[in-house]
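**Student:** The following block contains a protein sequence and its predicted model.
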Amino acid sequence: MAAINRDDVAHLAQLAHIEMSADELDRMAGELAVIVDSVKSVSEVAGADVPATSHPIPLTNVLREDVVGHVLTAEQALSGAPDAQGGRFRVPAILEED
Amino acid sequence: MTDATLSFDVAMEKFDPVLGFEVHVELNTATKMFSSAPNVFGDEPNTNVNEVDLGLPGVLPVVNKKAVESSIKIGLALNCKIAESCTFARKHYFYPDTPKNFQTSQYDDPIAYDGFLDVELSDGSTFRVEIERAHMEEDAGKLTHMGGATGRIQGADFSLVDYNRAGVPLVEIVTKPIEGAGSRAPELAKAYVAAVREIVKNLGVSDAKMERGNVRCDANVSLRPYGQEKFGTRSETKNVNSLRAVENAVRFEIQRHAAVLNSGNTIVQETRHWHEDTKSTTSGRPKSDADDYRYFPEPDLLPILATPAWVESLRAELPEPPATRRKRLQADWGYTDLEFRDVVNAGVMDEIEETVAAGATAAVARKWWMGEIARRAKLADVDPVALGVTPAVVVELDALIRSGAINDKLAREVLDGVLAGEGTPAEVVQTRGLAVVSDDGALQSAIDTALAAQPDVADKIRAGKIQAVGAIVGGVMKVTKGQADAGRVRELILKTLGVEA
Amino acid sequence: MTDLIKHSAASLAAKLAAKEVSAVEVTQAHLDRIAAVDGDAEHGVHAFLHVNTEQALAVAADVDTQRARGGSAAADLHQLAGVPIAVKDLIVTIGQPTTAGSRILQGWHSPYDATVVKKLRAARMPILGKTNLDEFAMGSSTEHSAYGPTRNPWDLDRIPGGSGGGSAAAVAAFEAPLALGTDTGGSIRQPGAVTGTVGVKPTYGGVSRYGAIAMASSLDQIGPVSRTVLDSALLHELIGGHDPHDSTSLTDPSTGLVVAARTGNVKGLRIGVVQELGGEGYQAGVLARFNESLDLLRDAGAQIVEVSCPNFVYALGAYYLIMPSEASSNLAKFDGVRFGLRTLPADGAMTIERVMASTRAAGFGDEVKRRIILGTYALSAGYYDAYYGSAQKVRTLIQRDFDAAFTQADVLISPTAPTTAFKLGEKLDDPLAMYLNDVATIPANMAGVPGLSLPGGLADEDGLPVGIQLLAPAREDARLYRVGAVLEEMLEERWGGPILNKAPELIPTQILEAK
């Protein structure tokens, strides 16, 4: 498995939407390389015949009847909003000005 | 800037189009896919949400059983296999209309897969579209772009988000690549989406209103030289939200691709946006994380096992498929292909079926729905079904005519009364005093008056020119204000003049 | 009054029922203790991020009124009614801020209650406040809290464990008789071990997660924190049971735990010592106390057997792939759009993408960022199979190890943590060393089985608490209480009382003067 480098971290930070300074990228790359190295062995433990476990206790068909339940008021919904206008959440422009 | 296009005919001469569609169907469940908040269109912003739909810290999803059942029904109606076991997955991308910054969807094990849909084209032929998969997911909230001149995302200063739609259950239906449509590609595109829409409406699982976004289509188009096996690079046109737009968008993209390829350039694989105003597409914003959605199994949800018993009980609930039903009705009614297509296009098939079921003949039902009702609808600029005439009214009018109580002309007047809210046809006949004059004595005096007024016509009839009787009948009808049985009037005139019919 | 805080929850419940004390007196005694010893980010225990004085006293007064009314009103009261409790600040509460120990949620108030909080309210338990934690429960020392560390009541220069250091320290410092914790890789049990308290991670799905801010959904569990095994059982029964808002919630009834704790017995029980959870890397004093406990259990009639779980050695590595993967996804929602912090970029275009990125840069601490980046990496195209996929397979192997071990033993036993509490700052710059604290607790989360940590005595070399961990098969949480109660009784007999009697007195005046 390839080691994780600074460019990888920069790309991952972009995917994860976390702004990082050059110093931070350097530091993070160093720390992550050590961590990734320590977990590498995991990929070599189990053979193809071992199924994956995604839930510790297997359950199936946990379904809800289609009946209306709890609803928030618009005021409650917007109570934690950093910015709101006219009953809606307000966010900065999505596209950059050309 | 508008892209260069090649004429459609030239494009078709040079290139073979391959299509693909992703149709999103919003289910009409009472609640959301993963929360018990109401699934209602058009309410005040952010009033049909709870903490789950807003993705507040600490929330967990729970799957709506009805949504799963509706999805299975869609799969069955599209002739798909239903997965014995399927799971949900998280698809990650940051966007303000997506509350969790991931969409809960399905990835490598959709609930339905490997189906097909036979699409009828206008020339009467059928084109089989192979269905790759139909999977369950959730809708996003609605963004309104503010501050710009156009209301579009470009140039907007800020945006407002309403999460009422967030979490509405969606089924995404994905086709396999559609080859061999040739110049019928735009028509096929429209017909395919129309067929999907008809199916989900017929199933009762969606309101299927495209203008409300209940059915939304992303259209993939690629071109390749004839004879080449490998597909060309495709574009994916989003937001194609009317049947006409689907047809136009596919036609435009074919012409745009053709122009690009014809000039020796290559197509960029990208998302395009359809614009109804300019009837063209523009390049969409490349999403920074579109290349890596980091799918992984949704740990907060468990697998869904569609047992054979469950699937079969849902299959038993399926209504007759629309195409089968149409064939059956046309045969039952004895309409010609043209007559039947007109009925379908006028959107009165259901009404005719009900009218026939209520006792009218198929011919009478068609006469009314495609005649007087259609005429009035056209004048009022509404769909015939929206006019307010019920099958019961048509049946009653027909019965009144057949009993001789009214004639066709009076029936139209009765319809006026019904539409004016004056009651049932019988009540209108009563209150407006529209019954046919059936008293021979009263008719005789009207006939005598009419004959006296036109002695030359009377002479012609006596001389054997029986077709001239119409002029006298007309006179009588005028005097009786149309409230006479024209057939009886004719008989009496001939009798009066001593002529054998 | 002050001696009220030394009572167990069960004892307080009995006194309240007998009307020997009022709920207001009990609640006020704990609020006074908090005021005296909790201090702030720089001084004192700093177990609480928010103290809920008025609401707690109002609930207590209400309980007193109801009890005074007698008849069915009093009879309807839950046995824990009026017994105050602290809630880890990862669990959402109406009427109090919920921060998850993060800047990104500073000042945020939830418009809904977690299911466990609803149950506390229904039982009329006064909620004393919200306890400190490593940011988003990511850590083993509570030093990763954005609001300053919690300090171990045994030695204020040492860590109280993590992530639930606040809940454990609050209970150890007699600021609360009970607390709620969450345990993803040991966040209830490891703080219990290093503070000399009891903590239980229930079977996955045994307690609803609805309203616990998710770190790793397939590993997280809410559980009780207390000073006695019986108290944990009382709280566990209250908060457990099926919740339709949590799809992973089990339908099993939450019963039989208190009875198990009251009728503890180990005669003929097979107790398996997990070979892989001990030996190298474990502090000598920890192993000495552990072996003492084994001797006591053997004396009480238990059969001590050795079991091997060979894949446990991969548990830590697999955990550090699964946990960050799920966390990177669960924490995507913190973006400055719907709630919490929004930070604008210092310069350049003011687009939503950049606002999200600068909000997350300013709102998350280093450990959270590390795990998000690691998780993003493990889930990214091209690495999924090698990382997340492989880790899930290891999970299967760990489950198989447990299955095999539980054919040879009724419960398993190990030290809870390899060491006693280390000094604040000691491992802060070494993430790997920090992660090793959870090596013995992680396997239970990976397999979903229940685990309990109880005090095993003090290590000879530093005089600090050592934790003993018991593990049982899924849905057999009662076994933990049956064995735990017996071991606790034997140990306390040997010590001449609860281990916390040996803790140094926290001197309020020193804390206040230091402030």
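**Tutor:** Arrived safely, thanks for sending. Numbers count the residues shown, from 1 in each chain, chains lettered A, B, ... in the order given.

**Student:** and whichever residue of the stretch 1-150 of chain B sits closest to chain C, how many neighbours?
**Tutor:** Nearest residue of the stretch 1-150 of chain B to chain C: residue B:101, at 3.7 Å (C-beta to the nearest C-beta). (C-beta placed from N, C-alpha, C; glycine too.) Using other C-beta atoms under 10 Å in any protein chain shown, residue B:101 has 23 neighbouring residues.

**Student:** Equivalent analysis for residue C:280, please.
**Tutor:** Residue C:280, neighbours per other C-beta under 10 Å, totals 5.

**Student:** So it lies in a helix, does it not?
**Tutor:** No. Residue C:280 sits outside any helix when classified using DSSP: H, G, I helix; E, B strand; the rest coil, being coil.

**Student:** Alongside chain A, which residues does the stretch 201-350 of chain C contribute?
**Tutor:** C:203-205, C:218-219, C:244, C:247-248, C:250, C:311, C:314, C:317-318, C:320-321, C:328, C:332, C:335-342, C:345, C:349-350 (C-beta under 8 Å from any C-beta of the partner chain).

**Student:** Pull out the buried residues from these.
**Tutor:** Neighbour-count burial (16 or more other C-beta atoms under 10 Å in any protein chain shown) applied to these gives C:203-205, C:218-219, C:244, C:247-248, C:250, C:311, C:314, C:317-318, C:320-321, C:328, C:332, C:335-342, C:345, C:350.

**Student:** could you pull out the helices for chain A?
**Tutor:** Ranges of helices in chain A, per DSSP state H, are A:6-15, A:22-39, A:74-77.

**Student:** Just send those back as TSV, with distance to residue B:187 too.
**Tutor:** Formatted as TSV, these follow (distance: least, C-beta to C-beta, whole Å):
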stretch	distance to residue B:187
helix A:6-15	41
helix A:22-39	54
helix A:74-77	45
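
**Student:** Skipping its backbone neighbours, what lies nearest the residue of chain A at minimum distance from chain B in space?
**Tutor:** Residue of chain A nearest chain B, by C-beta to the nearest C-beta: residue A:69 (3.1 Å). Spatial nearest neighbour of residue A:69, chain neighbours left out: residue B:36 (3.1 Å); criterion: C-beta to C-beta, 6 or more residues apart in numbering or on different chains.

**Student:** ok so, going back, shouldn't the residue of the stretch 1-150 of chain B closest to chain C be in contact with residue C:336?
**Tutor:** No. Residue B:101 is not in contact with residue C:336 according to C-beta atoms under 8 Å; the separation is 11.2 Å.

**Student:** helices or strands next to the helix or strand of chain B with the lowest mean pLDDT in the packing?
**Tutor:** Every helix and strand of chain B was ranked by mean pLDDT, DSSP states H and E. The lowest is helix B:440-453, at a mean of 81. Counting by 3 or more C-beta pairs under 8 Å, 6 or more residues apart in numbering or on different chains; DSSP states H and E, the packing neighbours recorded for helix B:440-453 are helix B:469-479, helix B:486-497.

**Student:** repeat that with 10 Å
**Tutor:** helix B:455-462, helix B:469-479, helix B:486-497 (3 or more C-beta pairs under 10 Å, 6 or more residues apart in numbering or on different chains; DSSP states H and E).

**Student:** quick one: the second one to helix B:486-497, angle?
**Tutor:** The reference is to helix B:469-479. Counting by axes from the mean of the first three to the mean of the last three C-alpha atoms, to 10 degrees, helix B:469-479 lies at 110 degrees to helix B:486-497.
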